[in-house]
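>>> A structural model of the following input is requested.
(one chain, ligands or ions: 1)
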Amino acid sequence: MAARKGRYGVEAPIVPTLLGAVGVLLLVAALVLALTGVAAPGWTLAALVWSLVVGTCLLVAAGWYLFTTLRGRFAVWAEIVEGMWLRGGDRVLDMGCGRGEVLTLVARRLRSGRAVGLDPWDGTSPDVTLANAAAEGVADRVDVSTGDLTAMPFADGDFDVVVSSLALHTIPSAEGRAAAVAEAVRVLRPGGRLALVDLRHVQEYESVLAEQGVTDLRRRGLGPRFWYCGPWVGASLVTGTKPSEPDEFTSA
Ligand SMILES: C[S@@+](CC[C@H](N)C(=O)[O-])C[C@H]1O[C@@H](n2cnc3c(N)ncnc32)[C@H](O)[C@@H]1O
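Predicted coordinates:
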């Protein structure tokens with residue numbers, strides 16, 4: 001994967017900061033115990049071992065989080081996008097595009113097509129996303145749009161491909177998430193494909209897609225490169241195709 005030139009930052013930086021800080025404190029505590037109190041029997045040795053083990057685990061978790069957010073997820077998404085066999089003229093929607101992490105990856109594979117990013121821009125600004133598109137050399141293929149995933153401002157069948165990364169789980173209710181997944185299907189043209197990645201609820205998305213008549217459904221974990229801290233916070237992918245014949249498509 002080519003080096004990323006945009007500025008995508010670290011998601012929820014408080015998480016690796018806290019993990020790293022507590023990890024370092026525990027290792028310092030273990031060192032102090034080793035230098036001063038290890039000769040004492042009982043709890044001192046237990047406290048030393050506990051500080052050493054837990055401190056090391058927290059540092060590994062912080063490092064893994066940083067690896068995933070800075071490199072791993074981009075490598076995984078590059079492979080997902082490659083596997084979607086985009087044609088240069090496709091219109092692709094990125095639902096909840098944020099700073100354009102996936103949007104710009106998609107845009108690199110287009111020529112005359114468009115990569116459209118939808119976001120309410122609560123936590124970031126469309127200018128940041130457009131600046132990242134410019135940094136990646138794809139500004140001529142990227143559009144940003146403002147809106148809600150549960151009621152998207154696009155016509156039925158407007159896109160050849162719909163993608164989303166880590167956005168749907170931020171919708172608090174199951175009804176809201178189901179509405180967003182149904183919207184993904186609505187704006188997809190017959191025969192269009194979708195790829196949804198998230199940390200939670202991916203099985204729920206698969207069920208909604210099945211109810212919506214989406215075919216060729218596949219769900220899989222994305223492995224260690226998309227773990228935030230460890231396997232207990234790992235991302236999964238669900239992919240599918242909207243049936244080509246409109247009358248095969250069952251709306252909810
Ligand atoms: C964790 S960020 C993920 C950003 C980016 N897709 C990525 O892979 O890093 C979640 C994004 O979803 C957006 N989002 C959350 N709820 C949304 C909603 N109801 N409609 C549209 N976007 C939403 C947020 O504004 C944010 O940009």
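>>> in space, what's closest to Arg189 - neighbours in sequence excluded?
Spatially, and ignoring its direct neighbours in sequence, Arg189 is nearest to Gly157 (4.2 Å; Cβ to Cβ, 6 or more residues apart in numbering). C-betas here are computed from N, CA, C, even on glycine.
>>> return the distance of the one you found relative to the ligand.
The spacing between Gly157 and the ligand, counted by Cβ to the nearest ligand atom, to the nearest Å, is 20 Å.
>>> tell me which element that residue falls in.
If you go by DSSP states H and E, Gly157 is not part of any helix or strand.
>>> and for it, the neighbour number?
Per other Cβ atoms under 10 Å, the neighbour tally for Gly157 reads 15.
>>> next: the one 5 residues further on.
Val162: 30 surrounding residues under other Cβ under 10 Å.
>>> over to Asp216?
Residues within reach of Asp216, counting by other Cβ under 10 Å, total 10.
>>> also Thr239?
Here the count is done by other Cβ under 10 Å, and Thr239 has 21 residues near it.
>>> so it: helix, strand or coil?
strand (DSSP: H, G, I helix; E, B strand; the rest coil).
>>> does it have any beta-bridge partners, and if so which?
Thr239 has the following beta-bridge partners by DSSP bridges: Ala195, Arg218.
>>> tell me the spacing between it and the ligand.
Thr239 is 16 Å from the ligand, by Cβ to the nearest ligand atom.
>>> give me every residue that touches that residue.
Counting by Cβ atoms under 8 Å, 6 or more residues apart in numbering, Thr239 makes contact with Arg193, Leu194, Ala195, Leu196, Asp216, Leu217, Arg218, Arg219.
>>> how near is the fourth one to the ligand?
From Leu196 across to the ligand, the span is 11 Å (Cβ to the nearest ligand atom).
>>> that residue is in contact with Val161, isn't it?
No. Contact between Leu196 and Val161 fails when scored by Cβ atoms under 8 Å: they sit 11.6 Å apart.
>>> of those two, who's got more company?
Leu196 (26 against 23).
>>> get me the contact residues on the stretch 1-150 of the chain for the ligand.
11, 96-98, 101-102, 118-120, 122-123, 148-150 (Cβ under 6 Å from any ligand atom).
>>> 5 Å - rerun?
Gly96, Gly98, Glu101, Asp119, Pro120, Asp148, Leu149 (Cβ under 5 Å from any ligand atom).
>>> quick one: mean pLDDT for stretch 15-27?
The pLDDT scores in stretch 15-27 average 95.
>>> pull the CA atoms of that stretch into PDB?
The C-alpha coordinates for stretch 15-27 follow below in PDB (Å, rounded to 0.1, in the frame of the first residue of the first chain):
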ATOM      1  CA  VAL A  15      -7.400   5.500  25.000                       C
ATOM      2  CA  PRO A  16      -3.700   4.800  24.100                       C
ATOM      3  CA  THR A  17      -2.600   7.700  26.200                       C
ATOM      4  CA  LEU A  18      -4.200   6.300  29.300                       C
ATOM      5  CA  LEU A  19      -3.200   2.700  28.600                       C
ATOM      6  CA  GLY A  20       0.400   3.800  28.000                       C
ATOM      7  CA  ALA A  21       0.600   6.100  31.000                       C
ATOM      8  CA  VAL A  22      -0.800   3.500  33.400                       C
ATOM      9  CA  GLY A  23       1.500   0.800  31.800                       C
ATOM     10  CA  VAL A  24       4.600   3.000  32.400                       C
ATOM     11  CA  LEU A  25       3.500   3.800  36.000                       C
ATOM     12  CA  LEU A  26       3.200   0.100  36.700                       C
ATOM     13  CA  LEU A  27       6.500  -0.800  35.200                       C
END
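>>> and that stretch, how far out from the chain middle?
On the basis of Cα atoms, centre = their mean, to the nearest Å, stretch 15-27 sits 24 Å off its chain's mean C-alpha point.
>>> what does it rub up against?
By Cβ under 8 Å, 6+ apart, stretch 15-27 touches 10, 51-52, 54-59, 61-62, 65-66, 69, 228-229.
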